[in-house]
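Engineer: Pasting the sequence and the predicted model now:
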Amino acid sequence: MLKLEDLRKDAQIQGLEHHEIVRLVAVETLGDNARTVVYRRPDGRLGEQTLFRSDEDRLALAEAGRAWAFDAPGAEFKLGLEACRIHLAHLFDPMLAVHTANVEPLPHQISAVYEAMLPRQPLRFVLADDPGAGKTIMAGLLIRELLLRADVQRVLIVAPGSLVEQWQDELAEKFGLEFTVFSRELDQTAPTGNPFREHDQLIARLDQLSRNDDLQDKLKASEWDLVVVDEAHKLSASYFNGCSLTTSAKKCY
């Protein structure tokens, strides 16, 4: 709130012309409870109003900026410009993940990711290659490329217990991706009670999830943009007492 006594020539005021900021050209005192002001609008036109004590609530001092100026902080402008460039880089570099990762992928890895996997929407893909062919590199390239393109935000990796730290290390070292490894402590200290909802980039142990119904319920209550399963052949259907463990909708006899 601005008092009538605070109205001065050249002051910039908000509240006289809706949401516009105007500059006072002249102020005339009309007793103790009224002022007549002449002001200039942003488009250059002049206006005039008589203000009373009841108008003080709608008045406020303001600082009007110029529509075009070159006095902004240069470092901040460059930082914002760089952020925009990175955000749109995939439009100019279709293999941005390759050129920004700390890895030199082989031709078959580039072909798998950029020719076979990325064009598939939605992506449902089984990457079955020889041992040592670099399937982790392919998965890392895919994840990083999708993140850079803003096509995914939440990524879950399910891997055997002996490989979760290897996944975490390789994603951080080669692709600059910081994934959290799911643990019992993470589950117990989750503020919402469901750690799968609180972490956008998570690595979980396959054996830990498969043996815990409570964790499976929490996992079902979360949503993911991309799920990567290492050694997916271990999810193949199995039977116990004539009942398929992977098909809960069928009756067992």
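Structural biologist: Structure's in. What do you need?
Engineer: From here on, just use CA atoms for contacts and neighbour counts.
Structural biologist: OK.
Engineer: element containing residue 186, please.
Structural biologist: Using DSSP states H and E, the secondary-structure element containing residue 186 is helix 184-188.
Engineer: After that helix, which helix or strand is next?
Structural biologist: Counting by DSSP H and E, what follows helix 184-188 is helix 195-198.
Engineer: list the buried ones in that following helix?
Structural biologist: Using 16 or more other CA atoms under 10 Å as the burial criterion, the residues of helix 195-198 that qualify are 195, 196, 197.
Engineer: before we move on, the earlier item: tell me the mean pLDDT for the helix holding residue 186?
Structural biologist: Confidence over helix 184-188 (mean pLDDT, whole number) is 90.
Engineer: ok, and for it, which residues are buried?
Structural biologist: Of the residues in helix 184-188, those buried (16+ other CA under 10 Å) are residue 187.
Engineer: contacting residues around it?
Structural biologist: With CA atoms under 8 Å, 6 or more residues apart in numbering as the contact definition, helix 184-188 has outside contacts at 193, 194, 195.
Engineer: Nearest residue to the first one in space, ignoring adjacent ones along the chain?
Structural biologist: Read that as residue 193. Take residue 193 and drop its neighbours on the chain: the residue closest to it by CA to CA, 6 or more residues apart in numbering is residue 187, 7.1 Å away.
Engineer: where does the one you found sit relative to residue 221, distance-wise?
Structural biologist: Computed with CA to CA, to the nearest Å, the distance linking residue 187 and residue 221 is 14 Å.
Engineer: quick one: the helices in the stretch 1-150 of the chain?
Structural biologist: Counting by DSSP state H, counting those that start in this stretch, the segments of the stretch 1-150 of the chain that form helices are 74-87, 89-92, 96-100, 107-110, 135-148.
Engineer: Now the weakest link among those, please, by mean pLDDT.
Structural biologist: helix 89-92 (a mean of 71).
Engineer: Which other helices and strands does that one contact?
Structural biologist: Contact partners of helix 89-92 among helices and strands, from 3 or more CA pairs under 8 Å, 6 or more residues apart in numbering; DSSP states H and E: none.
Engineer: hmm, back to that, want to try CSV for the buried residues of helix 195-198, with distance to residue 162 and pLDDT as columns?
Structural biologist: Rendered in CSV, the data for those read as follows (distance: CA to CA, whole Å; pLDDT from 0 to 100):
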residue, distance to residue 162, pLDDT
195, 21, 91
196, 21, 93
197, 24, 92
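Engineer: okay, those residues in JSON lines with distance to residue 46 next?
Structural biologist: Rendered in JSON lines, the data for the buried residues of helix 195-198 read as follows (distance: CA to CA, whole Å):
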{"residue": "195", "distance to residue 46": "60"}
{"residue": "196", "distance to residue 46": "60"}
{"residue": "197", "distance to residue 46": "56"}
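Engineer: Could you point out which of these is nearest to residue 164?
Structural biologist: The shortest separation between residue 164 and any of the buried residues of helix 195-198 is 16.1 Å, and it belongs to residue 196 (by CA to CA).
Engineer: Surely the closest one and residue 217 touch.
Structural biologist: No. Between residue 196 and residue 217 there is no contact, the gap being 10.5 Å when judged by CA atoms under 8 Å.
Engineer: How many residues are close by the residue nearest to residue 52 when sequence neighbours are not counted?
Structural biologist: For residue 52, ignoring the flanking residues on the chain, the nearest one in space by CA to CA, 6+ apart is residue 34 at 4.5 Å. Here the number of neighbours of residue 34 (other CA atoms under 10 Å) works out to 17.
Engineer: pretty sure residue 34 is in contact with residue 55, am I right?
Structural biologist: No. The pair residue 34 / residue 55 is not scored as a contact, 9.5 Å apart, by CA under 8 Å.
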